[in-house]
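1. Sharing a model that was predicted from the sequence below.
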Amino acid sequence: MFFILFRKNRKTDLGETLFLLDEPASNLHSAAQKKLLETFKKFVDDQKKPLKLLYTTHSHHMINPQWLEGAYVVKNEAVNYSEKDIEDGSRTTDIKAIPYRSFVAQYPQQQDYYKPILDTLDYQPGLLEKVPNIIITEGKNDFYTLTYVNDVILNHKYKKLNFMPGAGCSANVTVIQLYVAWGKKFMILLDGDKAGTKSKNEYIKLFGKGIENNVKLYSDFVPEIGSVMMEDIFSQKEKLRITQRFNPESTIYNKSAFNTAIQEALVNKEVIELSEKTIAKFNSLLKGLNEFAF
C-alpha cells in the first residue's frame, strides 16, 4: 500500500496512473481482503489524483457487486471443467475474456444475477456466515437504479438498505425459500403493473399469509408513483436523455440502452441531472424502504 501511494502521488506523474495487480488478496484473511477492496475504492474515487486499477482474483471477498458490470470472466475454452481429469486437455489453450454481462446470459438456469460469479468461484458459504436482511428487486436493472439513486444522487442517504437483484418478478421462489428456512427477514419489491401485482398474489398463495407483509409494490410506499415499472418513475425527457448517454444518436427511449447507462453511471459515480419531482419520488420510496428495513 505504501508503494502504491508513493507511486500515485509522485510529482513527476502526468495524467492517469494504471496499476495491474495479480491476485492481491493471496494469503490475506477475509477481513483484510475486505479492507483492501475498500482501499481500492478510495484510490479510484480520488479525482485529484486519477488512478485506474485492474486486478485478478479468485476470492469472492475481493468482488464488489457494483463493479460486476465492468468485470471479465477469464476461461480456457479448450478445457472441459466438468470432467474429473483435465490434465491432458490443459496442454491446449483457448483463452477467452468474457464480459460479465455476456457471461450471465449463458446461464439459463440462474437463480439471481450473482449466481454465475459464485458458481465460477466455486463459492460455499461458511457455517458462521452472517446472512443480511435483504430487499429483493425484480431484476438487476431495478437493483442498479435504486442503488444508483441512493448512492450517487442522494449521496448514500439511506444506510440500512441491502438490495439483491432478482431474476424476474415471478422467479424468486428459491431466494424466498432460503430466507424462510433461515428465519431471516426479507422483502420482495415489485413493479406496480399487472405482472407485479400477479406475482405478489402468487407468492402469497405459494408461501401463505405469513409473507404477505414481505411482498410490496412501489405504490405501497409512494402512492403517487402509481402502477408503473421502475424506469417509468423517470420522466420521458429523462429517459431519452439517459438513453442518449449510451447511444448519442438515439431519438427515442431504449430500455436496454437506458439501463446500461444507469449501470455505467453507478460504476463511474457520475451524477445524471434529474428533476426535483423525480428525485422526490425516489427519495420517498427509499425513505419508506429504509424505515421498513427490518
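-> Received it, and whenever you're ready, just let me know what you need.
2. now the helices for the stretch 1-150 of the chain?
-> Counting by DSSP state H, counting those that start in this stretch, one finds helices in the stretch 1-150 of the chain at the ranges 2-8, 30-45, 100-105, 115-120, 140-148.
3. Deepest-packed of the ones you listed, please.
-> helix 140-148 (a mean of 23; mean count of other Cβ atoms under 10 Å). For the C-beta atoms, the positions are set from N, CA and C on the backbone; glycine is no exception.
4. which other helices and strands contact that helix?
-> With contacts taken as 3 or more Cβ pairs under 8 Å, 6 or more residues apart in numbering; DSSP states H and E, helix 140-148 sits against strand 163-165, helix 255-268, helix 276-292.
5. right, and the ones you listed - which one's nearest Gly210?
-> Judged by Cβ to Cβ, the one of those that comes nearest to Gly210 is helix 276-292, at 16.8 Å.
6. pLDDT below threshold where in the protein?
-> The model of the chain has pLDDT under 70 over residues 1-16, 47, 49-50, 81-91, 108-113, 123-130, 294.
7. Next, work out how far apart Ile211 and Leu190 are.
-> 13 Å (Cβ to Cβ, to the nearest Å).
8. With neighbour numbers in mind, choose between the two.
-> Leu190 (29 against 17; other Cβ atoms under 10 Å).
9. Disregarding flanking residues, what is the spatial nearest neighbour of Leu54?
-> Once flanking residues are discounted, Leu54 sits nearest to Leu20: 5.3 Å by Cβ to Cβ, 6 or more residues apart in numbering.
10. neighbours of that neighbour, just the number please.
-> 9.
11. same check, this time on Leu178
-> Counted with other Cβ under 10 Å, the neighbours of Leu178 add up to 13.
12. quick one: it from Ile136, how far?
-> For Leu178, the distance to Ile136 (Cβ to Cβ) stands at 11 Å.
13. related to what we said a few turns ago, most tightly packed of the helices and strands packed on helix 140-148?
-> Among the helices and strands packed on helix 140-148, strand 163-165 has the highest mean neighbour count (mean count of other Cβ under 10 Å), at a mean of 21.
14. Could you check how far that strand is from the centre of its chain?
-> A distance of 7 Å separates the centroid of the chain from that of strand 163-165, by Cα atoms, centre = their mean, to the nearest Å.
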